[in-house]
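> how would this look folded up:
(one chain, ligands or ions: 1)
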Amino acid sequence: MSGLGIDVLTIFPDMVRHALPYGILRRVQEAGKLVVAVHDLRQWGLGSSRQVDDAPFGGGGGMVMRPEPIFDGVAAIEAGAVAGRRWRVLLSPRGRRLQHADLNRLAGLERILLICGRYEGVDERVCEHLVDEEISIGDYVLSGGELPALVLIEGVARLLPGALGDPLGAGRDSFAAGSLDWPAWTRPATFKGLPVPDVLLSGDHMRIAKWRQDKSLEMTRERRPDLLQKGGEGLESVEKEPRLIHGRTGR
Ligand code: 9D3
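Residues are numbered from 1 along each chain as shown. Predicted coordinates for the structure are as follows:
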């Protein structure tokens with residue numbers, strides 16, 4: 001297989017599986033460019049109750065994910081039918097915020113293992129000694145890493161070669177690098193008395209291209225001036241060095 005393999009380790013495997021067979025994500029998998037294998041962490045849970053969490057040392061509320069099921073699950077997956085080391089990513093609110101450049105980097109790997117946290121977090125030994133990288137999808141609190149893992153999977157899937165029917169493919173994204181999309185209209189030309197801008201009906205493709213570029217820049221200045229700052233986190237800004245953990249990187 002020349003494409004990408006992604007394993008997901010989670011206590012809610014069906015939550016992840018049920019989101020996979022839709023849209024581009026479905027097509028990429030049907031084309032064999034992406035294989036996603038979802039694993040139930042409870043397989044490696046402790047005792048007859050398959051326990052995966054416990055109270056935090058030092059007290060305080062909430063539960064923390066125990067390290068053994070996660071270490072055992074990762075070892076089993078990497079020794080399984082498709083054996084070999086994965087790039088191990090922990091989805092965590094403490095991780096570095098996911099950027100488009102991360103998707104490009106991850107799309108270039110062969111095998112990724114996504115570990116989804118739940119409860120109040122995971123035992124720090126997982127972060128320090130098992131995973132290569134911690135990723136967050138933004139500064140808001142969710143209940144676990146499953147939806148963030150799906151966000152990452154969908155974002156990576158559409159960057160795989162030939163994922164989009166359009167031969168320009170994801171290249172159109174880089175065309176719009178560092179600025180927001182221009183506004184779009186479709187038929188009817190007038191709706192509830194609201195007309196489409198004349199220029200778009202003019203057939204003058206040079207004028208249209210210029211107008212769109214101006215609109216894109218105007219909209220970016222207005223809503224996301226941070227994208228225009230040099231050194232800011234552009235949609236496709238050249239990737240900063242990935243955060244090193246134990247001296248390993250994804251390259
Ligand atoms: C930051 C809140 N933490 C303070 C005690 C507790 C906590 C809340 C929610 C710890 C973990 C979670 C579950 N969230 C994720 O696993 C998660 C996440 C998120 O909440 N926001 C953005 N990205 C991510 S990636 C994984």
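
> and the residue of the stretch 151-251 of the chain found nearest the ligand, what element?
Closest contact between the stretch 151-251 of the chain and the ligand, by C-beta to the nearest ligand atom, is at residue 151 (8.5 Å). C-beta here means a position set from N, CA and C on the backbone, and glycine is covered the same way. Using DSSP states H and E, residue 151 falls within helix 146-157.

> any idea which residue sits dead centre in the chain?
residue 152 (1.5 Å; C-alpha atoms, centre = their mean).

> residue ranges in the chain under the pLDDT threshold?
For the chain, the stretches with pLDDT under 70 are 1, 165-169, 171-177, 230-251.

> one more time with 90, if that's ok
The chain contains residues with pLDDT under 90 at 1-2, 162-178, 229-251.

> near the ligand, which residues of the stretch 51-200 of the chain?
Within the stretch 51-200 of the chain, the positions adjacent to the ligand are 91-93, 117, 120-121, 136-138, 140-145, 148 by C-beta under 6 Å from any ligand atom.

> are any of these buried, and which?
Among these, those classed as buried by 16 or more other C-beta atoms under 10 Å are 91-93, 117, 121, 136-137, 144-145, 148.

> any chance of those in a markdown table, with secondary structure too?
Converted to a markdown table, those look like this (DSSP: H, G, I helix; E, B strand; the rest coil):
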| residue | secondary structure |
| --- | --- |
| 91 | strand |
| 92 | strand |
| 93 | strand |
| 117 | coil |
| 121 | coil |
| 136 | strand |
| 137 | coil |
| 144 | coil |
| 145 | coil |
| 148 | helix |
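
> okay, helices next: where are they in the stretch 1-150 of the chain?
13-17, 23-30, 67-78, 100-107, 124-129, 146-157 (DSSP state H, counting those that start in this stretch).
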